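Trainee: coordinates for the following, if possible.
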Amino acid sequence: MAMKPSNNIWIRRQQCPCGDWKCYIQYEGDDLGSVSSQYVKSETTPSSSSSEAVFTPYVGQIFKTDDDAFEYYSNFARKNGFSIRKARSTESQNLGIYRRDFVCYRSGFNQPRKKANVEHPRERKSVRCGCDAKLYLTKEIVDGVMQWYVSQFSNVHNHELLEDDQVRLLPAYRKIQEVDQERILLLSKAGFPVNRIVKVLELEKGVQPGQLPFIEKDVRNFVRTCKKTVQESDALLNEKRENDLLELLEACKAMTGRDPDFVYDYTLDENEKVENIAWSFGDSICAYTIFGDVVAFDTTYRSVTYGLLLGVWFGIDNHGKAIFLGCVLLQDESSHSFAWALQAFMRFMRGRHPQTILTDIDSGLRDAIARELPNTKHVLCIWHILSKISSWFSLPLGSQYENFKPEFDMLSQLESVEDFEHQWNILVARFGLVSDKHIALLYSYRASWTFSYIRSYFLARTLTAEFSLSLESFLKRILNGQTCLQVFFEQVSIAANLENRTREGMQYMHVKTGMPLEEHARNILTPYAFNVLQHEIVLSLQYATTEMANGSYLVRHYKKLDGECLVIWMPDDEQIHCSCKEFEHSGILCRHSLRVLVVKNYFQLPEKYFLLRWRVESSLVSVDDQNAQISSDDCAQAFHSLTASLLTESLISKDRFNYVHSELTSLLEHVRNMPVINEYAANAAANNISES
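Mentor: This next block holds a predicted model:
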């Protein structure tokens, strides 16, 4: 059976970063595509329906399609110890196929075959014994709707029915799922014999020998079929890869005509064929001048068709959204290839190194960054680590995993290095993971992913869930199944185009505290950055300050919900430093520093604490109406006046209050259901107010 031709489908890299080629990562909820296969998809396996009640079929039973009927009868057969097969079908000119016969797998008798001209021919015993169990379907049209009904049914068998542990071994129920196919092929390429492959799968799945949903013979047939198919198609795939890479190179050359600032670079192998290729757009290079302080380098996907590793560079803009900075396709995952990719990216960005780079766990990439970006802080994305925790620990820990996961999450967020080291040892000992290779891997990388170690690294809020979702949204737009690299290149250029970005309107930002420094910040920061700072301003009101002898301050929550922070204030050059390191981490002042500034009677934050990257003026998409904020303010003031009067009048009596509450609830629901006409409706509203 030949394999389906694979589109240029992108899948997550499944090789585990622990370095053990026998270990791999299985991602949950990954909907960006998977390997094509000649075996059935997981949703067609009977296991999905086996938990549902399947009653005995009966004459007159109606099904929408013959496939529905076959699945129903197959589930019934499995529960009763046999399997079925499709037999005769009858066709007419008007109705097409109007009858389907499904029979027991032991129905009929094998016809005697002509013996091969060999000295000792093999005598194979047939399983067919003339069993009369059957289900016949007939098609009919009722009120213009086509349906199938059971015209004959018999459940009388002339052979012994099998128990559940035996019926699962019938050929009809032995299915190799896609994730197992990928694992089998990986082990086969590594030289494992079939019997060893089966043992490895049993160990990884934690099942007893012989309890897999398929047998060694199925694995052997699958490997043989794949090897034959690969041998036949390797030459075609190599030719397609070479041609598509050449087309991609031509597309890059053509792009220089449309975008004068577009840049690209590539390498050739020993046969003068395109090996690696990287590119970036003019808008991306311009964006890097403002937002190049922190770069995320995503290398989690590779192409099934071409065997190419995809690397995408992202930044975070002043609205907290992921912005495309560059792209690279690599033939392998070696340190040498990663080094070339980093060199190319630095050339694109005119030699300016980022302060911090975020990546997945990869020893080759780690070595390349240490060599090429020696002054750049290297941080591992926490969401990449958390996505691997289940694959690493759910099987060895079993039922204890549910207790391990929240403790691990809490451990990763500890602020003190000493606390982390102490709690880590307790966690490892408690769950018996002292000799676990993945625990050892995480500990060796601890200085790159735990908050206690990276709290002073500048990350510009790239570790937030919002940024992670924004990055994944971009990847989903470009990683749809394509048939060639040129189409992929066009997808990237469309997604990266700043003109296609949703414009961040200058929406009204409500002041919560009325503090002058909050009013001042609102006029400088983007809505995203202001909301973050505003949250800290509101929380700062819950903190008390104690001045120390040297002019520094101890700041603590009035309920002592968290530990004390030491804030150092230097009045000569208006510098403020907090032991929580939040400003160094995100570029936005923390609640502790803000509390001290309020105590020092500051009505505006010092200019140096409004980083250029968070200011409105740094937006990549210009705002047409410069008066949008002013108009929003006018509109808000008018509403505040009305609501203040309404509140005063409604508190006079209970009847007034109930009436106002009911009407406002109805009005709010009505406004929420109204369509949004444009971004600057507040401007028009303010004009109407002034006219009235």
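Trainee: C-alpha from now on. contacts and neighbour counts both.
Mentor: Will do.
Trainee: next one: the helix or strand E275 falls within to chain centre, how far?
Mentor: Element membership for E275 (DSSP states H and E) is strand 274-280. With Cα atoms, centre = their mean, to the nearest Å as the basis, strand 274-280 stands 25 Å off its chain's centre.
Trainee: domain map for this structure?
Mentor: 61-109+127-168, 174-258, 265-496, 516-618 (the TED database).
Trainee: ranking these by mean pLDDT, which is last?
Mentor: Lowest mean pLDDT within the domains of the chain: domain 174-258, at a mean of 81.
Trainee: that older thread, would you turn the domains of the chain into CSV with distance to G19 and mean neighbour count?
Mentor: Shown next, in CSV, are these (distance: least, Cα to Cα, whole Å; neighbours: other Cα atoms under 10 Å):
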stretch, distance to G19, mean neighbour count
domain 61-109+127-168, 36, 16
domain 174-258, 14, 15
domain 265-496, 8, 18
domain 516-618, 31, 17
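Trainee: turn those domains into a markdown table, including distance to V671.
Mentor: A markdown table is the format used below for these (distance: least, Cα to Cα, whole Å):
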| stretch | distance to V671 |
| --- | --- |
| domain 61-109+127-168 | 44 |
| domain 174-258 | 45 |
| domain 265-496 | 26 |
| domain 516-618 | 22 |
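Trainee: got the phi/psi numbers for the closest residue in space to A251 that isn't next to it in sequence?
Mentor: Distances taken as Cα to Cα, 6 or more residues apart in numbering place Q486 nearest to A251, at 6.7 Å, with adjacent residues excluded. With angles defined as degrees, to the nearest 10, Q486 sits at phi -60, psi -40.
Trainee: quick one, what contacts Q486?
Mentor: For Q486, the contact set (Cα atoms under 8 Å, 6 or more residues apart in numbering) comprises D244, E247, L248, A251.
Trainee: check L485 too.
Mentor: N8, D244, L245, E247, L248.
Trainee: what of I568?
Mentor: G551, S552, Y553, I576, H577, C578.
Trainee: which ones among the residues you listed lie within strands?
Mentor: Y553, I576, H577, C578 (DSSP state E).
Trainee: distance to L469 added to the residues you listed, as CSV?
Mentor: Below are the ones in strands among the contacts of I568 laid out as CSV (distance: Cα to Cα, whole Å):
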residue, distance to L469
Y553, 38
I576, 33
H577, 31
C578, 30
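Trainee: what sits up against stretch 321-330?
Mentor: 275-281, 284-285, 287-288, 308-317, 337, 341, 345, 466-467, 470-471, 474, 496.
Trainee: what is the residue nearest to V294 when sequence neighbours are not counted paired to in the beta sheet?
Mentor: Sequence neighbours aside, T356 is the residue nearest to V294 in space, at 4.9 Å (criterion: Cα to Cα, 6+ apart). On the basis of DSSP bridges, T356 is bridged to V294, K377.
Trainee: quick one: T356 from R461, how far?
Mentor: To R461, T356 is 12 Å away according to Cα to Cα, to the nearest Å.
Trainee: for T376, same thing?
Mentor: Counting by Cα to Cα - T376 and R461 are separated by 17 Å.
Trainee: swap in E372?
Mentor: The value you get for E372 to R461, if Cα to Cα is used, is 24 Å.
Trainee: same thing with Q343?
Mentor: Q343 is 26 Å from R461, by Cα to Cα.
Trainee: what of S387?
Mentor: Taken as Cα to Cα, the span from S387 to R461 is 19 Å.
Trainee: outside of stretch 340-360 itself, list whatever touches it.
Mentor: 263-265, 278, 280, 285, 288, 292-300, 326, 328, 368-369, 372-373, 375-381, 384-385, 457-459.
Trainee: name the element the residue positioned nearest the centre of the chain belongs to?
Mentor: Using Cα atoms, centre = their mean, the residue of the chain that lies closest to the mean C-alpha position is E472, 5.5 Å off. Per DSSP H and E, E472 falls inside helix 465-478.
Trainee: quick one: the longest helix seen in the chain to chain centroid distance?
Mentor: Longest helix in the chain, counting residues (DSSP state H): helix 216-258. Relative to its parent chain, helix 216-258 has a centroid offset of 25 Å by Cα atoms, centre = their mean.
Trainee: and for stretch 550-563?
Mentor: That offset, for stretch 550-563, works out to 39 Å (Cα atoms, centre = their mean).
Trainee: in a strand, that's where I97 is, yeah?
Mentor: Yes. The assignment for I97 is a strand, going by DSSP: H, G, I helix; E, B strand; the rest coil.
Trainee: tell me the spacing between it and T138.
Mentor: 9 Å.
Trainee: could you do I215 as well?
Mentor: Remark: distance between I215 and T138 (Cα to Cα) = 36 Å.
Trainee: and if you look at E607?
Mentor: Taking Cα to Cα, one finds E607 at 81 Å from T138.
Trainee: and if you look at L463?
Mentor: Taking Cα to Cα, one finds L463 at 60 Å from T138.
Trainee: and what of V54?
Mentor: 21 Å.
Trainee: please enumerate the helices of the stretch 451-600 of the chain.
Mentor: 451-454, 465-478, 485-496, 516-522, 527-540, 582-586, 591-599 (DSSP state H, counting those that start in this stretch).
Trainee: make a markdown table out of the ones you listed and add distance to E178.
Mentor: As requested, these are exported to a markdown table (distance: least, Cα to Cα, whole Å):
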| stretch | distance to E178 |
| --- | --- |
| helix 451-454 | 37 |
| helix 465-478 | 21 |
| helix 485-496 | 25 |
| helix 516-522 | 53 |
| helix 527-540 | 42 |
| helix 582-586 | 42 |
| helix 591-599 | 50 |
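Trainee: right, and those helices - which one's nearest L566?
Mentor: L566 lies closest to helix 591-599 among those, at 8.4 Å (Cα to Cα).
Trainee: before we move on, back to that, among the domains of the chain, which is nearest T665?
Mentor: Of the domains of the chain, nearest to T665 by Cα to Cα is domain 516-618, at 26.0 Å.
Trainee: straight-line length of the closest one, end to end?
Mentor: Terminal-residue distance, domain 516-618 (Cα to Cα): 23 Å.
Trainee: now do stretch 471-489
Mentor: 18 Å.
Trainee: check the offset of stretch 77-86 from the chain's centre.
Mentor: 39 Å.
Trainee: hey, C-alpha coordinates of it in PDB?
Mentor: In PDB, the C-alpha atoms belonging to stretch 77-86 read as follows (Å, rounded to 0.1, in the frame of the first residue of the first chain):
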ATOM      1  CA  ALA A  77     -18.900  -6.900  16.300                       C
ATOM      2  CA  ARG A  78     -15.900  -6.000  18.400                       C
ATOM      3  CA  LYS A  79     -18.000  -6.000  21.600                       C
ATOM      4  CA  ASN A  80     -19.300  -9.500  20.700                       C
ATOM      5  CA  GLY A  81     -16.000 -11.100  19.800                       C
ATOM      6  CA  PHE A  82     -15.800 -11.000  16.000                       C
ATOM      7  CA  SER A  83     -15.000  -8.700  13.100                       C
ATOM      8  CA  ILE A  84     -16.700  -7.900   9.900                       C
ATOM      9  CA  ARG A  85     -15.800  -7.200   6.300                       C
ATOM     10  CA  LYS A  86     -17.500  -5.600   3.200                       C
END
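Trainee: give me the residues contacting that stretch.
Mentor: Taking Cα under 8 Å, 6+ apart as the rule, stretch 77-86 contacts 50, 73-74, 100-105, 161-164, 167-168, 170, 172.
Trainee: out of the residues you listed, list just those in helices.
Mentor: Those of the contacts of stretch 77-86 lying in helices (DSSP H): S50, Y73, S74, D164, V167.
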